[in-house]
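**Student:** what's the 3D shape of this:
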Amino acid sequence: MSTQNDLSLESAVHRSLNRRDFLRFCSTMAAALALPSRYVSQIANSLSLATRLPVVWLEFQDCTGDSESFLRAGSRPDPIQPGVTDPSLVDLLFDFISVDYHETLMAPAGFAAEKSLNDVLGKYPNNYLCIIEGALPQAQNGIFCTIHGRSALSIAQQVLPGAMATIAMGSCAVDGGLAAAVPNLTGATGILNAFPGVKNLVNLPGCPANVVNLVATIVYLITFKSIPEIDSQHRPYFAYGEEIHEDCERHDFYEDEKFVLAWGDEGHKNGWCLFKMGCKGPETHSNCRWVKWNDSTNWPIGAGHGCIGCATPHFWDTLTPFYQPVDD
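**Tutor:** Modelled structure (predicted):
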């Protein structure tokens, strides 16, 4: 006789996932959220029973890098079965969310696109997730970013109150990012500064933010009906609780004072510490070392380049020049 959990898994499989892919996805999410393995079954049960979560993705003053991060988490070869391709995190996530509005991705345009947004807000009051990419310019009444004649500030003011939660995706949405760097002529700023009372805000800084952290945050929201535990900057601890420097694979070389002094020198070839080349790992809190990039194949320090601290507040102003140690 099937158990309730078996029935739930069958429901998920019916959505286009097979049982193996679904359970691997849930295990990956538990690991990304730094949850013990016993939570895998709870995540699996919650996802399989949940209706698809409506998502409104707003894109403001940005380079579209965070959308690219989201979309380019593509499928990859299965390491165990040659010739078999694993579905990507985004492939799997689309079984549990419905991106009902995203200017870059959606088919409707013009008035039809605007109608799509209004339809979501009217149909799912207080029951949709808002993801914001890009900064909100405040100078001159926000004229530096307008969509169909409306400022980013005006659109956010319409959407944020009815969202069950809001995710600021990437450094621009978190604190203004590059657009807010000195001299910040457009008055660019992040969501929290523009809307201090926004409810259930999760900040995912990074330039761009890592899609694994976005997916894990959404999975947590669906599973536990709340946002993950956050710090004073509204960043989830599971992704930004640890200093890159302490977890770095080159940390022992730092302790032994073995530093790369020039690109391509013997220290660089031997994987020594990149601090003297400007690595900002000691100033940056992020889980890049563990979730990595390009389908979890590598990360900047692993590839031989120092961290530029893109998950650090206002990193364009506070951590430049990027090829100079912060204490020199």
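**Student:** sketch out the helices for the stretch 101-250 of the chain, chain order is fine.
**Tutor:** Listed in chain order, the helices of the stretch 101-250 of the chain (DSSP state H, counting those that start in this stretch) span 111-123, 152-159, 171-175, 191-194, 211-224, 237-240, 244-247.
**Student:** tell me the most buried of the ones you listed?
**Tutor:** helix 171-175 (a mean of 30; mean count of other C-beta atoms under 10 Å). Every C-beta, even on glycine, is put in place using the N, C-alpha and C of the backbone.
**Student:** which stretches of the stretch 151-300 of the chain form strands?
**Tutor:** 163-169, 188-189, 201-204 (DSSP state E, counting those that start in this stretch).
**Student:** generate JSON lines for those, with mean neighbour count and distance to N141 as supplementary columns.
**Tutor:** Below are the strands of the stretch 151-300 of the chain laid out as JSON lines (neighbours: other C-beta atoms under 10 Å; distance: least, C-beta to C-beta, whole Å):
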{"stretch": "strand 163-169", "mean neighbour count": "26", "distance to N141": "22"}
{"stretch": "strand 188-189", "mean neighbour count": "26", "distance to N141": "14"}
{"stretch": "strand 201-204", "mean neighbour count": "26", "distance to N141": "24"}
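**Student:** returning to that earlier point: L23 is nearest to which of the helices of the stretch 101-250 of the chain?
**Tutor:** helix 211-224 (13.5 Å; C-beta to C-beta).
**Student:** now the closest one, how far from the centre of its chain.
**Tutor:** How far helix 211-224 lies from its chain's middle: 9 Å, per C-alpha atoms, centre = their mean, to the nearest Å.
**Student:** and what of stretch 261-269?
**Tutor:** Using C-alpha atoms, centre = their mean, the offset of stretch 261-269 from its chain centre is 32 Å.
**Student:** list of residues touching that stretch?
**Tutor:** Stretch 261-269 is contacted from outside by 258-260, 276-277, 304, using C-beta atoms under 8 Å, 6 or more residues apart in numbering.
**Student:** which of these are buried, as a ChimeraX select command?
**Tutor:** Buried residues among the contacts of stretch 261-269 (16 or more other C-beta atoms under 10 Å), as a ChimeraX selection:
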select :259,260,276,277
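**Student:** and the contacts of stretch 261-269, which two are the farthest apart?
**Tutor:** K258 and G304 (14.9 Å).
**Student:** can you give me the domain assignment for this structure?
**Tutor:** Domain segmentation of the chain under automatic domain parsing yields 1-49, 52-240, 244-318.
**Student:** would JSON lines of those domains with mean pLDDT and distance to P325 be doable?
**Tutor:** Converted to JSON lines, those look like this (pLDDT from 0 to 100; distance: least, C-beta to C-beta, whole Å):
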{"stretch": "domain 1-49", "mean pLDDT": "72", "distance to P325": "30"}
{"stretch": "domain 52-240", "mean pLDDT": "89", "distance to P325": "20"}
{"stretch": "domain 244-318", "mean pLDDT": "94", "distance to P325": "6"}
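**Student:** tell me which of those lies nearest to V326.
**Tutor:** domain 244-318 (5.6 Å).
**Student:** wouldn't S151 be in contact with N141 here?
**Tutor:** Yes. Here S151 reaches N141: they are 6.5 Å apart, a contact under C-beta atoms under 8 Å.
**Student:** what about the two, which has more around it?
**Tutor:** S151 (20 against 12; other C-beta atoms under 10 Å).
**Student:** how about the more buried one, what does it touch?
**Tutor:** S151 touches 137, 141-143, 145, counting by C-beta under 8 Å, 6+ apart.
**Student:** quick one, strands of the stretch 1-150 of the chain?
**Tutor:** Under DSSP E, counting those that start in this stretch, the stretch 1-150 of the chain gives strands at 53-59, 76-77, 85-86, 97-102, 128-133, 136-137, 146-147, 150-151.
**Student:** who touches the fifth one?
**Tutor:** Contacts of strand 128-133 with the rest of the structure, by C-beta under 8 Å, 6+ apart, involve 53-60, 62, 64, 66-67, 97, 100, 120-121, 156, 159-160, 162-170, 172-173, 191, 214, 218, 221.
**Student:** change it to 7 Å
**Tutor:** 53-60, 62, 66-67, 120, 156, 159-160, 163-170, 173, 191, 218, 221 (C-beta atoms under 7 Å, 6 or more residues apart in numbering).
**Student:** that one relative to strand 97-102, how many degrees between them?
**Tutor:** Here strand 128-133 runs at an angle of 60 degrees relative to strand 97-102 (axes from the mean of the first three to the mean of the last three C-alpha atoms, to 10 degrees).
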